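Enquirer: What follows is a predicted protein model with its sequence.
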Amino acid sequence: MGAWQLLLVGLVVLLGLFGVLLPGVPGPWLVWAAVMWWALHVQTSVAWWLLVGATGLMLVTQVVVWRLPKRRVRGLGVSGRMVAYAGGGALLGFVLLPVVGAVPGLVGGVYLCERLRLGGHGQAAAATRAVMRSAGTSVLVQLCACLLVAGAWTGAVLAG
């Protein structure tokens, strides 16, 4: 696979990661499709096993998200700024503390945004709990799965 195709696959993976945070964009499926495209072109055993693992993880993620309560984000003040803070926090947490760091990173990003918006700790903590109860759990599950697949794909590309 050429450098340009690899760059395009990486951009689709990145678009999928951002797509998890944006309503209406099928983020997990974009990440899976990018890994599938890469595996079809590379055709190594590592690529095939990564595709199998990504497929299984994405299917389990979809079942978990379907089993969670439906999102109720109206009236909570979820803004584009909050999504950016949450996504940045999750990405930073995932890089600083691989795999498990995405969870406190996302929650910390939501809390930081609410703290800056509301000013006080008590109000920000209550708003963070409300956001995480209504929409944060399903976004967190999808984002963690996509970050795992993206991290595994990056490791496979760098190793091979």
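Expert: Structure received.

Enquirer: which residue is nearest the centroid of the chain?
Expert: L143 (2.1 Å; C-alpha atoms, centre = their mean).

Enquirer: Quick check: that one touching A90?
Expert: Yes - assessed by C-beta atoms under 8 Å, L143 is found in contact with A90 at 5.5 Å. From N, CA and C alone the C-beta is placed, and that goes for glycine too.

Enquirer: Now the common contact residues for the two.
Expert: A102, L106 (C-beta atoms under 8 Å, 6 or more residues apart in numbering).

Enquirer: low-confidence ranges in this structure?
Expert: 70-77, 99 (pLDDT under 70).

Enquirer: Mind doing that once more with 80?
Expert: 1, 21-24, 68-79, 98-100, 133-137 (pLDDT under 80).

Enquirer: which stretches of it form helices?
Expert: Remark: helices assigned in the chain by DSSP state H are 3-21, 27-42, 45-67, 80-96, 102-118, 121-131, 137-159.

Enquirer: Dump the fifth one to CSV, keeping only the CA atoms.
Expert: What follows is the C-alpha trace of helix 102-118 in CSV, where atoms were taken according to Å, rounded to 0.1, in the frame of the first residue of the first chain:
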residue,chain,number,x,y,z
ALA,A,102,-10.2,7.7,27.4
VAL,A,103,-12.8,7.3,30.1
PRO,A,104,-11.5,9.9,32.6
GLY,A,105,-10.4,12.0,29.7
LEU,A,106,-13.9,12.3,28.3
VAL,A,107,-15.5,12.9,31.6
GLY,A,108,-12.8,15.4,32.5
GLY,A,109,-13.4,17.2,29.2
VAL,A,110,-17.1,17.5,29.9
TYR,A,111,-16.4,18.7,33.4
LEU,A,112,-13.9,21.3,32.3
CYS,A,113,-16.3,22.7,29.7
GLU,A,114,-19.1,22.9,32.3
ARG,A,115,-16.8,24.4,34.9
LEU,A,116,-15.8,27.1,32.5
ARG,A,117,-19.4,27.7,31.5
LEU,A,118,-21.0,27.6,35.0
